[in-house]
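Novice: Let me see the structure of the following:
(2 chains)
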2 protein chains.
Amino acid sequence: MASLPRPEAQDRYTTMPSLKWSPAEKAIARKAFDAALQRELAALIRQVKEMAAKIEEPSKLWDLEYYLSKRRQEINRRYDYRYSVLISVFADLIRHGQLREEELHGLGQDKLGYILGLVRL
Amino acid sequence: MASLPRPEAQDRYTTMPSLKWSPAEKAIARKAFDAALQRELAALIRQVKEMAAKIEEPSKLWDLEYYLSKRRQEINRRYDYRYSVLISVFADLIRHGQLREEELHGLGQDKLGYILGLVRL
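Specialist: Numbering: from 1, shown residues only, chains lettered A, B, ... in the order given. A predicted model of the protein is given here:
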């Protein structure tokens, strides 16, 4: 997460420490995670450019600062690449439309089962 | 300072509580102060639009957030409209090119003397 310089305490997700991730699964997970993060950040860049282009009065400068700060904190909390919480992270990203199920193809049925179960909750 | 929502502690300037400001002087001071602040904020809006338009990678989003935060704090500290510190405020603004001497014409010679003395320091 080189693009997010100030990580905050991570307590958003439930831990599932007992699952084992094979090297192939780790590669799939990393790729899916990074792709979702890049899409999220690319969308944020577009949003910030739009907000800035529309600024006509000073108060909107501080609105932009506040928005950036909130989004940074939210992205920092949401994108937590620890295997012990990754099931919840992927479920959360799918629920919010930032990741598609197909991007996780190749993970074991145990993991996919947990993830899709959480998505449907 | 309606455009600066989060004022911080003001201890930047030396106080000069003994000077008396006539109503006419107060009007001149207020007009000059507001004009300098509006110019500063207009320049900041232009700067932020330029920075945002050039963003191509996520780290620049957080650079922009940091820049906005620093500039807000700096403007909050610098633009301190209390008569007890206004002499130093005006000297500081002139020194930094945000106010022209002519905009203070009409202030008493006592005040102009102090201000220009500080500018030359």
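Novice: burial measure for A:Glu50, as a count.
Specialist: 10 (other C-beta atoms under 10 Å in any protein chain shown). No exception for glycine: its C-beta is placed from N, CA and C like everyone else's.
Novice: what packs against the helix or strand encompassing it?
Specialist: Assigned by DSSP states H and E, A:Glu50 belongs to helix A:23-53. Counting contacts by 3 or more C-beta pairs under 8 Å, 6 or more residues apart in numbering or on different chains; DSSP states H and E, helix A:23-53 is packed against helix A:59-78, helix A:86-95, helix B:23-53, helix B:59-78.
Novice: what's the nearest residue to the residue nearest to the spatial centre of chain A if we skip its chain neighbours?
Specialist: The residue lying closest to the centre of chain A (C-alpha atoms, centre = their mean) is A:Tyr79, at 3.7 Å. Spatial nearest neighbour of A:Tyr79, chain neighbours left out: A:Leu37 (5.2 Å); criterion: C-beta to C-beta, 6 or more residues apart in numbering or on different chains.
Novice: quick one: the one you found and A:Asn76 touch, right?
Specialist: No - counting by C-beta atoms under 8 Å, A:Asn76 is not a contact partner of A:Leu37; they are 10.8 Å apart.
Novice: more neighbours, these two?
Specialist: For A:Leu37 and A:Asn76, the more surrounded residue by other C-beta under 10 Å is A:Leu37, and the numbers stand at 21 against 18.
Novice: May I have the predicted confidence score for the more buried one?
Specialist: What the model reports as pLDDT for A:Leu37 is 98.
Novice: now swap in A:Gln98 and tell me
Specialist: At A:Gln98, the pLDDT value in this model is 96.
Novice: wait, what's in contact with it?
Specialist: By C-beta atoms under 8 Å, 6 or more residues apart in numbering or on different chains, the contact list for A:Gln98 reads A:Ala36, A:Arg39, A:Glu40.
Novice: Just confirm yes or no for stretch A:59-69 near chain B.
Specialist: Yes - residues of stretch A:59-69 are located near chain B by C-beta under 8 Å from any C-beta of the partner chain, namely A:Ser59, A:Leu61, A:Trp62, A:Leu64, A:Glu65, A:Leu68, A:Ser69.
Novice: any idea how far A:Arg77 is from the first one?
Specialist: Shown here: A:Ser59 relative to A:Arg77, a distance of 27 Å by C-beta to C-beta, to the nearest Å.
Novice: For A:Lys111, give its distance to chain B.
Specialist: Distance, A:Lys111 to chain B, using C-beta to the nearest C-beta, to the nearest Å: 28 Å.
Novice: Can you list the helices and strands that the helix or strand that residue falls within packs against?
Specialist: Assigned by DSSP H and E, A:Lys111 falls within helix A:109-120. If you count contacts as 3+ C-beta pairs under 8 Å, 6+ apart, helix A:109-120 packs onto helix A:86-95.
Novice: which helices and strands does the helix it packs on pack with?
Specialist: Applying 3+ C-beta pairs under 8 Å, 6+ apart, one finds that helix A:86-95 contacts helix A:23-53, helix A:59-78, helix A:109-120.
Novice: Could I have the buried ones of the residues of stretch A:59-69 next to chain B as ChimeraX selection syntax?
Specialist: Typed into ChimeraX, the line below selects the buried ones among these, using 16 or more other C-beta atoms under 10 Å in any protein chain shown:
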select /A:61,62,64,65,68,69
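Novice: Could I get the residues of stretch A:59-69 next to chain B in TSV, plus columns for pLDDT?
Specialist: Shown next, in TSV, are the residues of stretch A:59-69 next to chain B (pLDDT from 0 to 100):
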residue	pLDDT
A:Ser59	96
A:Leu61	98
A:Trp62	97
A:Leu64	98
A:Glu65	98
A:Leu68	98
A:Ser69	98
